[in-house]
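Peer 1: Pasting the sequence and the predicted coordinates here, then a few questions.
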Amino acid sequence: MIGEELVQLLTPEGERVAHPEYESTLSGEEIFGLYRDMVIVRRLCTESTSLQRQGQLALWAPIQGQEAAQIGAGRALAPQDFTFPTYREHGIAWCRGVPPENMLRLFRAVSNGGWDAQKYRHSVPTVVLGNQVLNAVGYAMGIQRDGAEEAVMTFFGDGASSQGDVLEAFVWASSFNTPVVFFCQNNQWGISTPMSIQSKIPLYHRAPGFGFPGIRVDGNDVLAVYEVSKRALESARVGGGPTLIEAYTYRMGAHTTSDDPTRYRIDAEVEVWKHRDPIERVKSLLVREYRVKTTKFDEVAAEADTMALKLREDVLAMDRPDPITMFDHAYAAPHPLIDEGRREMVELGVSGGSH
Amino acid sequence: MATTTMTMAKALNEGLRRAMEKNKKVLIMGEDVGKLGGVFRITDGLQKDFGEDRVIDAPLAESAIVGTAVGLAIRGYRTVCEIQFDGFVYPAFDQIVSQVAKLHKRSDGVYTMGLVIRIPFQGGIGAIEHHSESPEAYFAATAGLRVVSCSTPNDAYWMIQQSIEHDDPIIFCEPKSRYWEKGEVDLDSPPAGLFDAIVRREGSDVTVIGYGSSVKTILRAADTAATEGTSLEVVDARSIAPLELDTMVKSLEKTGRLVVVQEAPHMASIGSEIVAELSERCFYSLRAPGVRVSGYHVPYPPTRIEEDYRPSVDRILDAVDRVMGYES
C-alpha cells in the first residue's frame, strides 16, 4: 500500500531511516515537543468525543491517527504564514495557538466560527469541501501583491480532492505561481468512500499535471511531515510557487461522531494502521535515542489530562447564546431586514435587546 | 456641476477607473478583462494603465474568480469580479452563498467581505442561450449579500464606485441591453445613496416599479399612457436587496395602484417581494391588487422570440389597464 516513493524518516518501529533528499533537523528537545503536541491533541480529541457522547457537543470530528500529519505541518509554519483549514484541523489550530475551548464552539453549536482568524492567522472552519482551498490561493495572491515573505498552507482531504474548487485552485496556483502549500491529508476514507473511487493514481501525482511539484510523505511520521512541510513553505515564501503535499495517513476513528465505520471497512485494515501509530514511534525514538525517562512521558500525560479537564469545564460553561446575537455581523453595514429582525425578537420577548 | 454625456459602458469604465485611482487595494479580475477590455469593453484600457497585477486576466473558472477574491478580501484587497454573462455565474454560486455571504458572520466580524461581483444580466441583445438571464432573486434571497442594479449611465458611474467602497459584498447587476445607450453623468456628486430607490417620473394614477433594463421600458410606457390620459409614477428600485421601501410606500400611498416590472419569471421573484411588502404596508391605500409583469415561466427563449418574453410597453400598459379597471 505504501510505495518507496513515500518520504519517511522514522519507521513505525521508531527507527530512523535515511532519505536522499530529506533529513531531520530537529533536536531531541524539539522532537519531544512534537510528541507533547501530539499527545495533547489526541487527548483533546478523546475528551471531545466523550463530551459529544454525553450530549454536550452536537458533533465531533476526530483526528486520531492524523496527529503527526497535523503537528508536523503545524510546527513547520512560520508565525507570519496563514492557514485555511477544514473542520478537522484541530492539530493545526493547536499549533497556531487557538485555545482548545474555541475549537469546540463550532461543535457545541454556539458559533459557526470560534476564534479570531486574523489574531491566530488561522482561518475559520470551512465545512463545504474545497471552498477554502480557493480562498487560500486568493490570500496567496494578496501576499504576492504585498511583496511579503509569507506563505499560505491550506488543508483538505482525499474526499475533497475530487472537488472542482480544489482542482481550480491547482490551476490558479500554478498559473500565478502563488505562495501556497496544498496539504492533503489522505486518510483513505471520505466518510464511507474509499480512495479507490476518488483517484486511480496517487493524489500527489496530480500536481505535475498542473505544473508544480507533488510529494507523498508518511503522514504518520511527524519528523518527515515537518521537514517536507518546512521545505515547501520556505520555497513558497521566496517565489518558488506551490507544492502539493499528500500526507499518507489513516483515519483511525469515525468520520464524525455521527458515523459508523464498521458498516464499510474491515477491522483488519484498522489493525494494520494501529501498528503505524504516529505517537508510539516517536516515543520509541525518544526512549532509545534520547533516553527520555518515563517520568517525562508521565508529565506530558498529566498535562494533557489537565488540559482536558479545563476544556470540559470551559465547554460546560458555554451557554446558549442570546438569540439576538444571530443578527450580529450578518452584515458589516446597517441593513433594514436586520433591524426588523432584531426589533421583532425584542417585541416577542425572546431577547432583552441590544447586544 | 461638471456633467458629461457617455454610454453606460463608458460610465462603468470611468467609475472603475476612479475607484482604482482612489484606492490601490482595488483590483479587477475576470475572463478577458485585460488586453481585450472584457467582452463588453467595460474594463477597456484599465490593464494598460493599472498593470497586470491589478487588472487580472483570469483562467476560465468562475468559482475560482470569486473564491480567490474571497482570499484577497481576507488579505485586505477589494476585488471587482467580472462574470462574463449572467448564465455563467452558477459555477461560482457555491463560493458566493457559502463563503462570500457568510464569512463576515462566521469570522465574528473579523473578515470584511468587501468585494463586488459584476454580472451583465437580462436580455435584449439577441444572444445565444445562457447570455440573457435574470438570476438576481437567487442572490437577493441569500442573507449576507446585497444586490443592486443600475439603469442609467449616471447611476452606473456612481453605483459601481459606491459598491466598491461598501464593506458588504455586492452583486452588481448591469443591464447589458443598455450598455450602449448614452446619458448625462454628473462627475461631482452621486444622485443618491447606493441603496436608495429613485422616482424617475412623477405621476398620480399608477406606481410602476422596475430596475435595470425595465426602467427605460416603463418610462416609454409612461409616455404612451400619458397620451391616453393615465399618469404613471415610475420608481427605479436600484437596490434589489435590500429594497428601499419608503420611496415605494410614499408613491403607492399617492396612487393606490401598483405594477412591478421585471425580466425574471414572477415565481419567487423581486417583483413578488415588492408586491408582498407593499400590500402589507399600504393595505388601506390600495385600490387594486399589485400586478407583476414578468418573463414567462420558461427557460429564456431563443432570442428571435425574446421580445415576446421580455416585458414590453404593451404588456406594461395592459397591466396598467388591469389595475385601473378596479372600481373603488
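Peer 2: Structure received.
Peer 1: What is the three-state secondary structure of residue A:25?
Peer 2: The three-state label given to residue A:25 by DSSP: H, G, I helix; E, B strand; the rest coil is coil.
Peer 1: and the nearest residue to it once chain neighbours are set aside, how many residues sit next to it?
Peer 2: Among residues not flanking residue A:25 along the chain, residue A:227 sits closest, at 6.8 Å (CB to CB, 6 or more residues apart in numbering or on different chains). C-beta coordinates here come from the backbone N, C-alpha and C atoms, glycine included. Neighbour count of residue A:227, defined by other CB atoms under 10 Å in any protein chain shown: 23.
Peer 1: Grab the CA positions of the helix or strand residue A:227 falls within and hand them over as PDB.
Peer 2: Using DSSP states H and E, residue A:227 falls within helix A:222-237. Extracted C-alpha coordinates of helix A:222-237, given in PDB (Å, rounded to 0.1, in the frame of the first residue of the first chain):
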ATOM      1  CA  VAL A 222       6.000  13.600  12.300                       C
ATOM      2  CA  LEU A 223       9.700  14.100  11.500                       C
ATOM      3  CA  ALA A 224       9.100  13.600   7.800                       C
ATOM      4  CA  VAL A 225       6.000  15.700   7.700                       C
ATOM      5  CA  TYR A 226       7.800  18.500   9.400                       C
ATOM      6  CA  GLU A 227      10.800  18.500   7.000                       C
ATOM      7  CA  VAL A 228       8.700  18.200   3.900                       C
ATOM      8  CA  SER A 229       6.300  20.900   5.000                       C
ATOM      9  CA  LYS A 230       9.100  23.200   6.000                       C
ATOM     10  CA  ARG A 231      10.900  23.000   2.700                       C
ATOM     11  CA  ALA A 232       7.600  23.500   0.700                       C
ATOM     12  CA  LEU A 233       6.800  26.600   2.900                       C
ATOM     13  CA  GLU A 234      10.300  28.000   2.500                       C
ATOM     14  CA  SER A 235      10.100  27.600  -1.200                       C
ATOM     15  CA  ALA A 236       6.700  29.300  -1.400                       C
ATOM     16  CA  ARG A 237       7.900  32.300   0.700                       C
END
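Peer 1: returning to what we had before: for the residue nearest to residue A:25, list the residues it contacts.
Peer 2: With contact set as CB atoms under 8 Å, 6 or more residues apart in numbering or on different chains, residue A:227 has these partners: A:7, A:9, A:22, A:23, A:24, A:25, A:76.
Peer 1: any residues touching stretch B:81-93, and which ones?
Peer 2: Residues contacting stretch B:81-93 (CB under 8 Å, 6+ apart): A:164, B:28-33, B:38-39, B:42-43, B:61-63, B:65-67, B:69, B:96, B:115-122, B:127, B:129-135, B:138.
Peer 1: Which members of these are positioned in helices?
Peer 2: Applying DSSP state H to the contacts of stretch B:81-93, the entries found in helices are A:164, B:62, B:63, B:65, B:66, B:67, B:69, B:138.
Peer 1: circling back to that earlier point, distance of the residue nearest to residue A:25 from residue B:27?
Peer 2: From residue A:227 across to residue B:27, the span is 36 Å (CB to CB, to the nearest Å).
Peer 1: ok, back up a step: among the ones in helices among the contacts of stretch B:81-93, which one sits closest to residue A:309?
Peer 2: Residue A:309 has its nearest neighbour among the ones in helices among the contacts of stretch B:81-93 in residue B:67, at 40.5 Å by CB to CB.
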